[in-house]
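A.B. asks: Quick one, what's the 3D model for this:
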Amino acid sequence: MIFSSQRMSAVVNCPRRRWRATAGCALLLLAAGCAAPLASRTPPDVPPQIAPPLMTSAPPAVPPLPAPSTAPQIVRRLPAVDNTPRNLPAQAVAATGGMEPSGRVMPGARPVSYQEEVPRPPIDPTRPMTLTERLQIPAELPGTNVPPLWLPPLDEPEQRMRAIDTLFPDLPPMPKLAEPMNPNQLFTLADLEQMALANNPIIAQATAEITVAMGQAIQAGVYPNPVIGYEADTVGSAGTRNYQGVFGTQVIKTANKLGLQRSVANVNVMNAQLTLRRARIDLMAQVKSAYFNVLVAQESVMINEALVRFTGEVYQIQDDKLKGGVITPYEPAQLRSLAVQARTALVQAQMQYIAAWKALGVTLGLPGLPLTRLEGSAEMPVPRLSYEAALARMLNVHPDIQAARNSQGQARLQQRLERVTPVPDVNVYGTFQRDFTTPNTPRTTYNVQFGVPLPIWDRNRGNIMSAQGNIIRTSEQIRRSEFDLTQQLVDAFNRFETSRILLQYNRDQILPDLTRAYRGVYGRYQQEGEGARGKAGPVGFGDIIVAQQNLTIGLASYISLLSTQWTAVADLARLLQVESLSELNLGSNAAPPASPPAEPAAK
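C.D. replies: This next block holds a predicted model:
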């Protein structure tokens, strides 16, 4: 502050004015000294009633925070609702979110409306972050750029109802599946398998492979054709036509080479027939798998539709209580999110059902097959079989093992053929000619030749050695096929037994317990908890959320186990080479114990 010389002389000359000036300067200095520390230590966004106390010592050194990013941020803006703040300053409402420090709604507080974005003040990097700033949800997460839940007080019913309708609009309608074109038509599993055998190209290809192998076997044993032709010898040497005639050659096969060749090719015919049998069983197993997928998808749609109705009713109950002023807004908000999640699960189940039906049509060889009802249910009884009986049947009838045994016999026949190949075949040559060397006295002559190749250099030793190695390889292929199939059976049987036992536990114990637990929690919440008195009680709202989520998770696990069980059944039918599910009843397995065995009493 700057004083003029005249003012200063007046103050000095007047004792009363000198005393007043001195007291005023002291008060100004005292106020400036007290306010400076408070202003430097109190964050600008903290209200005075919760400001931290003055520190008597220097605060600890805090590393500076990185400067806020200047990159443009994507802001999701939804339609705004007119909810102009009243009675409280906008700065106070924005700082507290319309809530008191205790968590209750401030009387008359009206923050930014539910659908408007929340402006976030920039954070000073030179000061420590407050707890509120540290707990802010990152703005990069989708759906987080919304203000806290807030409702007008109960004495403003119209504004409160309008705000509730804005915060909690009606749930999306439950999606519906297309109905079958012919509701009276019903396909059984046997019908689907016959349709696949008649339309799938795999069967036609496997049948053609048998025809190919049969033709090759026939050709392998055919005797070589003779060669005939015209022959003229020494023509013109004596001024005549000399020898004119015809000739013929024939190769005579020895050592039963043609019979061995045909026997080797006949094994290919037998293996082609086994391939057709395997293709038939594999196709029927694929039809079974696709059929069970459709049944499980139907079960999933039915369960998820029930969950949509259930979660919608629970949410509607809490919404009615919110309109009556009994509960706080966060309760129906949580239940609404669960209800919408149930609808998304239903959409996924319906899409899975449509995809499963299309996959079934492709397996049948009829991609455009219209939607039709199927006989059966995903909860129908499963076959009972023991692992030992299943293993014995598989090793006895599976085409892979039979084909490996056939290949071993074929390798032995091939070795015999390679051993007799060096035995010479006989080449026969003969000719009939007219002799014109002597004029006016023609004669008829003939020539005959017999010849064989001498196995001096080529004794077929390399092919004989290769055939011996092939015998060893095919012999080990039998064991390899047995091991591979046994490993597949172990995996399929494990999945089948595990899912069967777990399904029994889920159906008979877990799901009933979860249902009873939810009913008990919700009933007690209505009688003794916040749902009855609007105050904290022995059962909180979080207990309802947990119980509902546990029930939903249990049902999802049940559907997953159904899918795993029936997929394993189809795999077992393929491994055991059965066409009907009734053929899988090979022995029986004991049901899982209802409770763990009791420990022996201590003596």
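A.B. asks: Doesn't Asn396 belong to a helix?
C.D. replies: Yes: the assignment for Asn396 is a helix, going by DSSP: H, G, I helix; E, B strand; the rest coil.
A.B. asks: From Gln410, how far off is it?
C.D. replies: Using Cβ to Cβ, to the nearest Å, we find Asn396 at a distance of 21 Å from Gln410. Placement of C-beta: from N, CA and C, glycine included.
A.B. asks: okay, these two: which has more neighbours?
C.D. replies: Gln410 (22 against 11; other Cβ atoms under 10 Å).
A.B. asks: At which residues are the helices of the stretch 101-250 of the chain located?
C.D. replies: Under the criterion DSSP state H, counting those that start in this stretch, helices of the stretch 101-250 of the chain are mapped to 131-134, 157-167, 189-199, 201-220.
A.B. asks: wait, which of those helices is closest to Thr444?
C.D. replies: Closest approach to Thr444 among the helices of the stretch 101-250 of the chain (Cβ to Cβ): helix 201-220, 38.8 Å.
A.B. asks: Quick one: work out the angle between the closest one and helix 189-199.
C.D. replies: 50 degrees (axes from the mean of the first three to the mean of the last three Cα atoms, to 10 degrees).
A.B. asks: what's next to helix 201-220, contact-wise?
C.D. replies: 197, 258, 261-262, 264-266, 268-269, 271-273, 275-276, 279-280, 282-283, 365 (Cβ atoms under 8 Å, 6 or more residues apart in numbering).
A.B. asks: Of the residues you listed, which belong to strands?
C.D. replies: Judged by DSSP state E, strands contain none of the contacts of helix 201-220.
A.B. asks: and the residues you listed, which are buried?
C.D. replies: Listed as buried from those are 197, 258, 261-262, 264-266, 268-269, 271-273, 275-276, 279-280, 282-283, 365; burial here means 16 or more other Cβ atoms under 10 Å.
A.B. asks: quick one: which of these sit in helices?
C.D. replies: 197, 258, 261-262, 264-266, 268-269, 271-273, 275-276, 279-280, 282-283 (DSSP state H).
A.B. asks: all strands for this protein, in order.
C.D. replies: So, for the chain - with DSSP E - the strands run 186-187, 227-233, 243-252, 373-374, 426-435, 443-451.
A.B. asks: Let me have those in a markdown table, adding distance to Ala403, mean neighbour count and mean pLDDT as columns.
C.D. replies: Formatted as a markdown table, those follow (distance: least, Cβ to Cβ, whole Å; neighbours: other Cβ atoms under 10 Å; pLDDT from 0 to 100):
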| stretch | distance to Ala403 | mean neighbour count | mean pLDDT |
| --- | --- | --- | --- |
| strand 186-187 | 33 | 16 | 94 |
| strand 227-233 | 40 | 12 | 92 |
| strand 243-252 | 34 | 15 | 93 |
| strand 373-374 | 34 | 16 | 94 |
| strand 426-435 | 38 | 15 | 92 |
| strand 443-451 | 42 | 11 | 91 |
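A.B. asks: could those be laid out in JSON lines, adding distance to Phe496?
C.D. replies: Below are the strands of the chain laid out as JSON lines (distance: least, Cβ to Cβ, whole Å):
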{"stretch": "strand 186-187", "distance to Phe496": "25"}
{"stretch": "strand 227-233", "distance to Phe496": "65"}
{"stretch": "strand 243-252", "distance to Phe496": "60"}
{"stretch": "strand 373-374", "distance to Phe496": "22"}
{"stretch": "strand 426-435", "distance to Phe496": "63"}
{"stretch": "strand 443-451", "distance to Phe496": "68"}
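A.B. asks: for the protein, what helix or strand is lowest in average pLDDT?
C.D. replies: The weakest-scoring helix or strand in the chain, judged by mean pLDDT, DSSP states H and E, is helix 90-96 (a mean of 38).
A.B. asks: one step back: so which of the helices of the stretch 101-250 of the chain is the most packed in?
C.D. replies: Per residue and on average, the most neighbours among these fall to helix 189-199, with a mean of 17 (mean count of other Cβ atoms under 10 Å).
A.B. asks: Distance check, the residue of the chain most remote from its centre against Thr240.
C.D. replies: In terms of distance from the mean C-alpha position of the chain, Asn440 ranks first, at 98.2 Å (Cα atoms, centre = their mean). In this view, Asn440 and Thr240 are 11 Å apart by Cβ to Cβ.
A.B. asks: can you tell me the average pLDDT over stretch 490-509?
C.D. replies: Mean pLDDT, stretch 490-509: 95.
A.B. asks: Okay, helices next: where are they in the stretch 401-550 of the chain?
C.D. replies: Using DSSP H, counting those that start in this stretch, helices in the stretch 401-550 of the chain cover 461-505, 511-527, 530-533, 541-576.
A.B. asks: Of all those, which one comes closest to Gly361?
C.D. replies: Comparing the helices of the stretch 401-550 of the chain under Cβ to Cβ, the one sitting nearest is helix 541-576, at 17.1 Å.
A.B. asks: Buried residues of that closest one, list them for me.
C.D. replies: 541, 543-545, 547-548, 550-552, 554-555, 558-559, 561-576.
A.B. asks: mind listing what Asp458 touches?
C.D. replies: Contacts for Asp458 (Cβ under 8 Å, 6+ apart) come out as Pro422.
A.B. asks: That one and Pro424, how far apart?
C.D. replies: Counting by Cβ to Cβ - Asp458 and Pro424 are separated by 11 Å.
A.B. asks: Tell me how far Glu299 lies from Thr240.
C.D. replies: For Glu299 relative to Thr240 (Cβ to Cβ), the value is 100 Å.
A.B. asks: For the nearest residue to Arg412 once chain neighbours are set aside, list the residues it contacts.
C.D. replies: Among residues not flanking Arg412 along the chain, Ile471 sits closest, at 6.0 Å (Cβ to Cβ, 6 or more residues apart in numbering). Ile471 makes contact with Gln408, Ala411, Arg412, Gln415, according to Cβ under 8 Å, 6+ apart.
A.B. asks: Nearest to Ala517 among those?
C.D. replies: Among the contacts of Ile471, and counting by Cβ to Cβ, the member closest to Ala517 is Gln408, at 61.4 Å.
A.B. asks: Surely the closest one touches Glu476?
C.D. replies: No: between Gln408 and Glu476 there is no contact under Cβ atoms under 8 Å: 9.5 Å.
A.B. asks: Which pLDDT value belongs to the residue farthest from the centre of the chain?
C.D. replies: Here, the pLDDT recorded for Asn440 equals 79.
A.B. asks: Quick check: nearest residue in space to Gly368, chain neighbours excluded?
C.D. replies: Gly361 (6.9 Å).
A.B. asks: from what I can see that neighbour touches Ala355, true?
C.D. replies: No: contact criterion Cβ under 8 Å: Gly361 and Ala355 do not qualify, at 10.8 Å.
A.B. asks: what about the two, which has more around it?
C.D. replies: Gly361 (19 against 13).
A.B. asks: remind me which residues of the stretch 451-600 of the chain are low pLDDT?
C.D. replies: Within the stretch 451-600 of the chain, the stretches with pLDDT under 70 are 529-539, 587-600.
A.B. asks: swap the cut-off to 90 and go again
C.D. replies: 520-545, 580-600 (pLDDT under 90).
A.B. asks: Please apply the same query to the stretch 151-300 of the chain.
C.D. replies: 151-184, 232-244.
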